[in-house]
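**Q** Give me the fold of what follows.
(one chain, ligands or ions: 1)
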Amino acid sequence: RRDLSRSNAQFRRAVQRLPLGVSSTFRYWGEDRTIYLAEGKGGRIRDIDGNHYVDYRLGYGPAILGYADNRVDAAARRGMEVGGVFALSTERELAVADRIAKMVPSAELVRFSNSGTEAVMGALRLARAYTGRESYLLVEGGYHGLFDAAMWQADVEGWDAGSNADPEVVPYGKGIPPTVRKLAHLVPMNDMQRLEDTFRRHGDQLAAMLIEPIQGNCCAISARAEYVQLARKLCDQYGVLLIIDEVKTGFRVAKGGVQSLLGVRPDISTFAKAMGNGYPIAVITGRADVMRCFRCGGASHGGTYTAHSVSLAAAEACLRILDETPALATLADYGARLKTGVSSILDARGIVHSYTGHDSMFGLFFAAEPPDNYRAWKTSDYSFYDQMAYFLHDLGVICEPDSREPWFMCEAHGLDPACLTDTLKAV
Ligand code: PMP
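**A** Numbering: from 1, shown residues only. Next up, the predicted model:
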């Protein structure tokens, strides 16, 4: 077991000043296991006790090239010299928007934002402004950010999986008003019949259907192409806007996002994380006629820090690398090799397993078939995975402990042959 004595001591001090001793509740792993970091470089991190880890969390996805990437950081430093924020626009906004439009076919117009939450909030407002409707459809298991409208989930605890009744819809914790619930409808991922039924009942009141095609907070449970294609068809039929949330998948799974692999063109999509290699930046993008609702007297949107000169310069450099070099192929190839290596070890021990997602972000399940929706995942037993995750931490490999998040790959993993050997040794 690795020594975490400095982290433990830091936790005891930090908890006096920071709730749970951290700045995001998901970083709290218990009194003895909460880790404080000294630094990250490439595909690895080092904690304040001096433990080194190969990191497959990558900040929940942003570090697509790796931590402290010199090419992006040099650009960010130049962005710093420009001056930060002005409440006025700069030329670089158009350059980055042009790059996004080149990479993502559905990105006709682009509006910058700071975080995934802000982008999805803006996207939903835009859809409401365009359609004049208030309700919206969410897919169970998706995560779209911190705002009240997005924080509803199926409660599968105590739910009878054999019954035909849907689980109750509950908020992601306290402080989210039940009145907001009236506007949210939820459907289980990949259930075509339920989707059609829901559109038949509520379609003419929906402003938008929001879908995360590979559910990053649900261990990469993935939408089948025919499910998203049906969603596209139903949205067209009922005048509903399809919002594909690519905050986690965008500029990672493919240059044009998962949407380009599914062959579906959304009306609006949201991107963040990988576009800035860790610098805070996001976009709302989509159909020109829809996006033009961001206008005076239309859908309100702004933000003091939007198109911050540092984030914008970082995004310009990062997107250029993702577009013009084999970085995405390098990291996907690494993910494929990692899966092959892990599988051969597990197979040799007769351990049944399967994967979800994509080579660039995959979930590992100890079952012959991975779950294809949140209900199946949440009612399965993933205690073996959790145990394995904690053993791996002790052996120098970090993955998300509670089978929530997939394993994320970065270019630096692929460029450092020891990442693979170190990981397989631990497994
Ligand atoms: N949408 C998706 C698909 C996400 O994965 C996340 C973050 N995990 C968000 C929205 C919210 O992004 P942020 O944390 O940057 O607010």
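
**Q** How about the stretch 251-400 of the chain: which residue is closest to the ligand?
**A** Ala272 (5.2 Å; C-beta to the nearest ligand atom). To be clear about C-beta, it is placed using only N, CA and C from the backbone, and glycine gets the same treatment.

**Q** Kindly export stretch 357-372 (C-alpha atoms) in PDB.
**A** The C-alpha trace of stretch 357-372 is given here as PDB (Å, rounded to 0.1, in the frame of the first residue of the first chain):
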ATOM      1  CA  GLY A 357     -17.200   3.400 -25.300                       C
ATOM      2  CA  HIS A 358     -14.300   4.100 -27.700                       C
ATOM      3  CA  ASP A 359     -10.600   3.300 -27.600                       C
ATOM      4  CA  SER A 360     -10.000   7.000 -26.500                       C
ATOM      5  CA  MET A 361     -12.300   6.600 -23.500                       C
ATOM      6  CA  PHE A 362     -13.500   3.200 -22.500                       C
ATOM      7  CA  GLY A 363     -15.300   1.500 -19.600                       C
ATOM      8  CA  LEU A 364     -14.300  -1.900 -18.300                       C
ATOM      9  CA  PHE A 365     -17.000  -4.300 -17.100                       C
ATOM     10  CA  PHE A 366     -16.800  -7.700 -15.500                       C
ATOM     11  CA  ALA A 367     -19.600  -9.200 -17.500                       C
ATOM     12  CA  ALA A 368     -19.800 -10.900 -20.900                       C
ATOM     13  CA  GLU A 369     -22.000  -8.000 -22.200                       C
ATOM     14  CA  PRO A 370     -21.600  -4.500 -21.000                       C
ATOM     15  CA  PRO A 371     -24.700  -2.600 -19.900                       C
ATOM     16  CA  ASP A 372     -26.300  -0.500 -22.600                       C
END
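
**Q** Pull the distance from it to the chain's centre.
**A** 16 Å (C-alpha atoms, centre = their mean, to the nearest Å).

**Q** quick one: is it near the ligand?
**A** No: Stretch 357-372 lies apart from the ligand when judged by C-beta under 6 Å from any ligand atom; the minimum separation is 10.4 Å.

**Q** Pull out the buried positions in that stretch.
**A** For stretch 357-372, the neighbour count (16 or more other C-beta atoms under 10 Å) marks 357-366, 370-372 as buried.

**Q** How about residues contacting it?
**A** With contact meaning C-beta atoms under 8 Å, 6 or more residues apart in numbering, stretch 357-372 is reached by 61, 189-190, 214, 216, 219-222, 224, 248-249, 252-253, 258, 328, 331-336, 339, 342, 351-356, 377, 380, 382, 384-385, 403, 406-409.

**Q** quick one, phi/psi of Met192?
**A** Per-residue torsions, Met192: phi -60, psi -40 (degrees, to the nearest 10).

**Q** actually Glu168, sorry about that
**A** Torsion angles, degrees, to the nearest 10, at Glu168: phi -70, psi 150.

**Q** What distance do you get for the residue nearest to it when sequence neighbours are not counted to Thr179?
**A** Spatially, and ignoring its direct neighbours in sequence, Glu168 is nearest to Asp155 (4.6 Å; C-beta to C-beta, 6 or more residues apart in numbering). Relative to Thr179, Asp155 is positioned 18 Å away (C-beta to C-beta, to the nearest Å).

**Q** Looking at these two, which is more packed in?
**A** Legend: neighbour count by other C-beta atoms under 10 Å for Asp155 and Thr179, higher for Asp155 (13 against 8).

**Q** I'd say that one and Val170 touch.
**A** Yes: using C-beta atoms under 8 Å, Asp155 is in contact with Val170, at 4.3 Å.

**Q** thought Leu177 was touching Ala149?
**A** No, residue 177 isn't Leu; it's Pro. No: if you go by C-beta under 8 Å, Pro177 and Ala149 don't touch, sitting 10.4 Å apart.

**Q** neighbour-wise, which of these two wins?
**A** Ala149 (21 against 8).

**Q** Can you give me the distance of Ala412 to Tyr28?
**A** 27 Å.

**Q** out of the two, which sits in the busier spot?
**A** Ala412 (26 against 17).

**Q** Three-state assignment for the more buried one, please.
**A** Of the three states, Ala412 takes helix under DSSP: H, G, I helix; E, B strand; the rest coil.

**Q** Next: Ala107.
**A** Going by three-state DSSP: Ala107 is coil.

**Q** how far away is it from Ala272?
**A** 14 Å.

**Q** Common neighbours of these two, please.
**A** Joint contacts of Ala107 and Ala272 (C-beta under 8 Å, 6+ apart) are Val283.

**Q** is it true that Ala38 touches Ile48?
**A** Yes: using C-beta under 8 Å, Ala38 makes contact with Ile48 at a distance of 5.1 Å.

**Q** Tell me which of the two has more neighbours.
**A** Neighbours were counted for Ala38 and for Ile48 using other C-beta under 10 Å; Ile48 has more, 16 against 12.

**Q** and that one, what is it in contact with?
**A** Arg6, Ser7, Gln10, Tyr36, Leu37, Ala38.

**Q** Report whether Ala315 is found in a helix, as I expect.
**A** Yes: assessed with three-state DSSP, Ala315 lies in a helix.

**Q** Tell me how many other residues surround it.
**A** Ala315 has 33 neighbours, counted by other C-beta under 10 Å.

**Q** show me the residues around it that make contact.
**A** Val96, Met275, Gly276, Tyr279, Ile281.

**Q** Show me what the strand or helix carrying Leu210 packs onto, helices and strands only.
**A** For Leu210, the host element (DSSP states H and E) is strand 206-211. Strand 206-211 sits against helix 116-131, strand 135-139, helix 225-238, strand 241-246, with contacts defined as 3 or more C-beta pairs under 8 Å, 6 or more residues apart in numbering; DSSP states H and E.
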